[in-house]
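how would this look folded up:
(6 chains)
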Amino acid sequence: MATEVLWWIFAAAIVAFSAGTVFSRSVLHSAIFLIGSLAGVGAMYLFLTVEFLALVQFLIYGGAVTVLILLALMLTRSDARGTPDAVNGPQLPFALLVSGGLMAVLIGVAAGTDWRPGGVPDSPTNIGIETISERLFADFGAPFVIASALLLVALVGAIILARQEEGE
Amino acid sequence: MTSPTTDYPGVAALVHKHLGKIPFTASKHSTDAVIHIDAGHFLELVTGMHDRRELAFDYLRNVTGIDLGEEGLRCVYHFYSFKHGHAIQVDVQTPPDNPHIPTLTGIYAAADWHEREAAEMLGLVFDGHPNLKNLLLDEDVRIHPLLKAHPLQKMELEQGIEDTSAGFKF
Amino acid sequence: MMLFADALFGLPNWIDAIIRVVLVILSMTLVVIYLTYGERKVVARFQQRLGPTETGPAGLIQGIADALKLVTKEDIRPKNADRWVFEFAPYATFIPVLMMLMALPFAEDWGVRDLALGMFYVFAILGLNIVGILMAGLGSGNKYALLGGIRAAAQMVSYEIPLVISLLCVAMITGAEKDMNGTGTLNLNAITAFQETRPYIVLQPLAFLIFFTAMLSELHRAPFDIPVAESEIVGGCFVEYSGIRWSMFQLTEYASMWGWSVFGSVVFLGGWAWPFGVDAHWSIQLGTTLVKSFLFIMLIFWVRTTVPRLRIDQLMSFCWKVLLPMSLVQMLMNGFILVYDWPQELLALTSALGAAALVAIIIRRAMRRPSRDLVGTYKTLGAPAQ
Amino acid sequence: MVPLENYLVLSAIVFALGVYGVLARRNAVLVLMAIELMLNAVSLNFIAFAAYLDPGKITGAIFAVFIITVAAAEVGLALAIVIRLFRNRATSNVDEAAILKW
Amino acid sequence: MGAEQAWLLAAIPAGFFLLLSFFGRPMPRGGDYFGVISIGTSFVLFFFVLADFLDTPGKVGPIVNSIEWSNIGDFHLRMGIYIDPITITMFGVVTTVALMVNIFSIGYMKGEPRYYWFFAVLQMFAASMLMLVMADNLLLVYISWELVGVCSFLLIGFYWEKRSATEAAKKAFITTRVGDVGLLIGIILLFKATGTFNIQEIIHAAEAGEIGQAYLFIAVMAIFLGCMGKSAQVPFHVWLPDAMEGPTPVSALIHAATMVVAGVYLTARLLPVFAVADGALLVVTIVGLTTALLTGFMALAQTDIKKVLAYSTVGQLGFMFVALGAGNPSVAMFHLATHAFFKALLFLGSGSVIHATHHNQEMDKLGGLWKKMPITGTTFFVGSLALAGVIPFAGFWSKDEIFVALNEAWGGWAVLLLGLAAVMTAFYTTRLFIRTFMGKPKDEHVYEHTHESGFVMTGPLIFLGILAAVSGFVVFHGVGKAIGFPGGITEFIFLEHHGPHRYEMDWGFAAGSIGMATVGIWAAAWMYWGNSTRRSTVLAEWSPGLYDMLQKKFYFDELYQAAIDRGVLGFSYVVAWFDRYVVNDTGVDGSAQATGFAGGVLKYLQTGRVPNYAMAIALGVAGLAVAGLVVRG
Amino acid sequence: MTVWPEERLATVDSFNTVDMTINVGPQHPATHGVFRMVLTVDGELVVDCEPYIGYLHRGLEKLTENHDYRQSMGWWDRTDYLAGMACEFAYCMAVEKLGNIQVPERAEYIRVMMAELSRLLSHFMFFGAFGADVGSFGTSFVYAWRERERIYDFFEVVAGDRMFPTYFRPGGLQMDLPEGYEPLVRQLLGSLEQGLEDFDGLLTGNEIFVERCRNLSPMSKERAINLGMSGPMIRATGLAHDIRKAEPYSIYPNLKFNIPVGKNGDVFDRFMVRMAEAYQSIQIVKQCLDLMPGGLVLNPDLPKTLRIEEGECYVRTEGTKGEYGVYGMARGGNKPYRMKLRSPSFCNLSALKEMVVGHYVADAIIILGSLDIVLGEVDK
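Numbering: from 1, shown residues only, chains lettered A, B, ... in the order given. Sure, this is the predicted structure:
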């Protein structure tokens, strides 16, 4: 019971933070709401008993991604309070339509699908770090290496992109 | 202060030897030889003094503006040569109503602030100076405090801070 | 789910948790107050001064007085600051530190929670610490704060990498312990217990050096204090804060210093287990941990009083060109030795060689400095050598 | 206990919010944040599936790991692009970067 | 090694590409020797493949070797090689010319910036070209097709410091892309109809009549669009002359001998499918004829050596398409091979001239170079004769074959048109040779500093010169048999489709051919011998109008020069012209307004703003999701 | 006439949005007084620097024109307030040149001794403050203060005042040295030498310090001369120029000392030159003690009120920061007609922009510190 109540609280927080992220006038506030939302999703991972991924979520998103975003905010110094036309006016109705439609479809699918013949278990099964590591290093070795190469390439690419060029 | 003569003392003789075409007079005071020249020939003289190897006045040590009352403003330059170790003073006298002197910033980077100071303190105008604005005083203050005519508290009077009579009493 | 410790005093689980949290918070407050006092005293001694003497015997209640003063000061918020961000920033920095303290084993079974992924938890949570500082930098509406925020972000993100790798090295060698069958552990209590006979600093001196350096950087302590550099950007992110919010930052700084020190002593210095063993009385274990952590803090103070500050590019190049390669080397060496099951002495040997290399790199750079002949030849009236 | 559908609905909502953010906001950094929201919704979905339907193989959780990795790389690159954009055009609004029209 | 391992031919240059591109810069001399080693190995391997192929017991036929590429559900994508005579021919051409060009480049490119990179890309080009010709499925063909396009892009824009070079590279890439889109559509259409990418299976399916006639025609035309783009057929020919901005060896290898014939190759490869589709071969013929004629006129006007050769290349490609349109791939391949040899020779010769005269490629400043550069001059002379179709050089035999085949297929009108093109070929070739090598030097300064190139450059010239002189003889049964082909070269190629074909000399056509060459050469010699312009002015004095028309090349040149100069923009002028004189004059104003209105509406779709595109994508996704939900119920 | 702000604003061209301007000062820990520079930074890089001075402007020259010659002493004390006696020295010499006043020899020796001790005061201040600029947490500062306190204690013994003693007079000194001063000074010199050794160990022995300073904003001789630099700044560029040797004044010709020179003119050389100079100052003071003659310390022939008829002079001394020059002009009466100060800090500071642009913000602070400015004499 306690778990469910907590779950609903976190779910509400995630939705609220996400809404704050996309609706907030100030980009800075958006970034901070985003952190809340990401942390909430991390907590969701805990509910799903994947502690490892929850911590990875904190480390990568909390420690790196949001920091990068805030850093970019600082460097581009968009007005912290946001500009009055921060919303793309002409696209707004379409955006609402599309996101609303997508949400309706997804919820419809989620609710209306029989996910597994024979029924879905009530509660999540525990996923230990050992299982993850075995799967990751045994079966997904090649993608793992490729992902690391991707990170390296992204690193170099980002450096080259953001580098101050001569005479600039 | 001795009066200007045409027998050039000390370093002034050297300057006359090499830049004799430029009309100037010379004198000597307790520390340096002095060259007196008008603003029109000043830049030519300084260029020569800077460029001629025998003179090589490569160092501008000081610029002083003096308000000589009805004689007008005078600007006193002190030069030094690191190469030869000699120093000289150049007096540029401007007429009372026309305090224009060519700037030396093109030759000596050091002249920048000195000239700005002289300009704000005495109202000298250095023609060609790239950035002739107030240095020590506020940017929007339009007084020349070192003019003899400037009362000691004029600025305060203008700003309405104090309305006692101007000047100290000794 | 996470591993929970046995309930203290046989109380229900949630009451037990509350008791433990309150205890940790209280002791943290006390430690912080006396750390500020201690720092002033220690630094004063380093600088041939006396430090606080007036308030209380030998100035002992100076910290409390300071705290009182700060709490009662006016809380000022600049007009063009972003209100919520500005006001929430101190708490955003403080919460991760508090959460970290929840996972530290001060003695066997003397921590709030004993987590299976404890080590990972600690540095994952501390990664969130930056967010608060960035919020302060962005929300203050001050250019110094902004610069400080940018510097802090760049610095902390960079130094997190060698830090994590140096900790990974330790996590790797736990796999070589008895009963582990080649799979390491991230549980801090387990790691501590493994060090009963010898602390991991013996096996991993290089990793320890890297950890200590990166830790200084994460804490913004000299010589890596460029985000708060007093002489350049006047305190960086904290420039606009005053009163209770500023004291919150101060609290965070010292609490995280303490937390890091405990963490470091647990991971590298054997925590509560060495040298008195896992069976010692809890008070001895607690004392051991605290002494080790204060030694750490002493070291931090010492470094702070003696070295000048690095420049941002020097800081970055030190991280990316020295610390990161060295930490990767350490990890690779560990990997080889562990995979081929070579004896642990080799771990100690190779790591010591690496540490020697790191020190040698720094010393070689120091020796490259221009000779002091200039001063030497002018000390007397003799003719200069030039 | 919490059924699987709850997670799916939650992630659908977050995803839809992310879509809205991408489409309706002008600031490039904000668009990026909205993309992060979408990615998170997706990985939440993956993990929920892994935990409920696929506990033996947990392919979903592994996918989440890769999603996080790719997100990190993507953010790094995208922010570099934003900074470049800002340097070149003094704006970080996506709809002012209309150079594609040439 | 056997022919099954022919993939090594492509793999070795690819490996050397990686080596050179990563480590080439620090290598001594930029690692150019690796280029020669790599292509040389392929060249040697080619003979092994050939020998193995000929030794295959039983019959001369295709060798297939394929591996599983990927599985998507029930669909198994296989990737493999398919070796048949046509592939073998291409192997021979590509490896020979590439080897020669590599050797030549060592001399030509010496001291250039990014020297190593040039060789690296050459290797990549060789690898992808070889892969293209041995691929057994259209998907692999498409990949290699794009890869050679990329290499061409890189090499045209090799001097990217020059704006014109980058513009030319972009132009080439974009123009060919238009065709490539067609190719992709065609491949997809064929795949949809047959369920496979495998070329042989598609051919079987087409021949078995499994594909509807109209559908097949559209698919074939789409693929032919790709071939036109790659082979620079009208109206896509605009990119090739501009592509001469690249280094001359590149022009020789890519834009004369190999890549541009990829279109010919693919058409030849799929010719059975073309043959099934009614009317497809007529289209091919018409395109080929148009190209041959138009570019013949254009070549008359050029003063830049390489531009003349470029137009000539386009024209000769038109010849090949004509041969294909006549349904005779063996002749097309034969001309392809001989053309590759003598055109590579001509380009390398012009490269030698350019190199010797310090990057002067204007005919107006050259002249009398034969004395200064005897080897280059002689080999160039041989190449020119081959191009002009003078008996007994290689070009004569292959061209003659084309005329015979064309006559059989479409009759006399086509032969006459093509004959006109052949006359012009002879004319401009002679003009080129005379103005460059004969007569008196026009620019003394340039002439003074000219010198013969080193052996590393003249060696390939001599080798190719010999090939250009004698390779035509393989057409004879005896010669073909003597060098190891059972039944001579024509019998060797496309054995199973057209049966034994023994070459017979058709003396009537031969005489006509010789006559055409003579007329062209004589006319050019009359006009340009002794570099006097007096003769050309005779015509002008006699009939200014006609002369003006000749000088302006029947005004085609204006039109096409504009298209060349301004690329796509110029093309829109043509459209505007069409709109003004055809649409308006015939009074169909309504359609113009409709077009304008549609354009006005549609232009808002292309805003250039990322959010709008994102919105479009999102709308599409949402629509798909809804549709999926509806379909699923 | 002068260009006023409105006209200047009109010439400001487009504002670059990428760069950020930050105000360093006038209340900033690293500006050594009320100095302000507006740095335009691109990230951490300084792309433009605009120094603003005048916050401490007291109208020194105007005041001097309106005061008796002796009354002005106190004003001049407060120009280089880190080394008051050196300023008094120059002012007194100017008045003496104008009025042709003789100074007793003992007074000259004492003057030189006090001036050199002032130089040590100033240099110690530099070492301490510079260490703080580089980021050493107060330690160097406290070390410097310890030594400075000792010198101040001695000043207090001699003149009754620590910072602004007003000890010199035109024509001599206010009073003679106290009894038993010699062992006091020798002990002081010993401890100063020890203090210098401490600094050597603390700063020049520190890898980070050296890395921060070396090759930072190097300057060529020619450029330094053209920019009007003087003192340690110009000696760091390798030019062995010292007014005490080049245009000797007072009893400096009788004393032996060397001129320390650097090589590159970078920040590290500036530091090292000052360090070496401090050692030389100690040697000079020792010689003064050895050669100290007896006799009066004030010219007994002076009138109660100094009246100078006509005169002009430009007196330059090697001040603690460089060439401390005083241009004096008398036209009768008990007040000078014009008294102009050529302050070394002013001239060195005018080159700040050129030195700072292109460096990091942190380096800008260090470069400013290496100029060793004193706002009292910059702002007059």
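
shaky segments in chain B?
Within chain B, the ranges that satisfy pLDDT under 70 run B:1-6, B:152-170.

so where do the helices sit in it?
B:11-18, B:39-51, B:111-122, B:154-159 (DSSP state H).

Buried deepest among these, which one?
Comparing the helices of chain B by mean neighbour count (mean count of other C-beta atoms under 10 Å in any protein chain shown), helix B:111-122 ranks first with a mean of 25. C-beta here means a position set from N, CA and C on the backbone, and glycine is covered the same way.

Kindly export it (C-alpha atoms) in PDB.
The C-alpha coordinates for helix B:111-122 follow below in PDB (Å, rounded to 0.1, in the frame of the first residue of the first chain):
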ATOM      1  CA  ALA B 111      51.800  59.800 -24.200                       C
ATOM      2  CA  ASP B 112      48.200  58.500 -24.100                       C
ATOM      3  CA  TRP B 113      47.400  58.900 -20.500                       C
ATOM      4  CA  HIS B 114      49.700  61.800 -19.900                       C
ATOM      5  CA  GLU B 115      48.000  63.800 -22.600                       C
ATOM      6  CA  ARG B 116      44.600  62.800 -21.400                       C
ATOM      7  CA  GLU B 117      45.500  64.100 -17.900                       C
ATOM      8  CA  ALA B 118      46.800  67.400 -19.200                       C
ATOM      9  CA  ALA B 119      43.700  67.800 -21.400                       C
ATOM     10  CA  GLU B 120      41.300  67.300 -18.600                       C
ATOM     11  CA  MET B 121      43.200  69.200 -16.000                       C
ATOM     12  CA  LEU B 122      44.000  72.300 -18.200                       C
END
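
who does that helix touch, helix- and strand-wise?
The elements that helix B:111-122 packs onto, with contact taken as 3 or more C-beta pairs under 8 Å, 6 or more residues apart in numbering or on different chains; DSSP states H and E, are strand B:59-67, strand B:125-127, helix F:344-349.

Does the host helix or strand of residue C:208 reach chain A?
Per DSSP states H and E, residue C:208 falls inside helix C:205-218. No - Helix C:205-218 lies out of reach of chain A by C-beta under 8 Å from any C-beta of the partner chain, never closer than 10.8 Å.

Pipe the helices of chain B into TSV and attach distance to residue E:167 per row.
Converted to TSV, the helices of chain B look like this (distance: least, C-beta to C-beta, whole Å):
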stretch	distance to residue E:167
helix B:11-18	61
helix B:39-51	51
helix B:111-122	49
helix B:154-159	66
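
So which of those is nearest residue C:280?
Checking the helices of chain B against residue C:280 by C-beta to C-beta gives helix B:111-122 as the closest, at 71.8 Å.

So which residues make contact with the closest one?
B:60, B:62-67, B:73, B:75, B:99, B:103-105, B:124-126, B:129-137, B:144-147, F:2, F:61, F:228, F:346-347, F:349-350 (C-beta atoms under 8 Å, 6 or more residues apart in numbering or on different chains).

Check these for burial and list the buried ones.
B:60, B:62-67, B:73, B:75, B:99, B:103-105, B:124-126, B:129, B:132-137, B:144-147, F:2, F:61, F:228, F:346-347, F:349-350 (16 or more other C-beta atoms under 10 Å in any protein chain shown).
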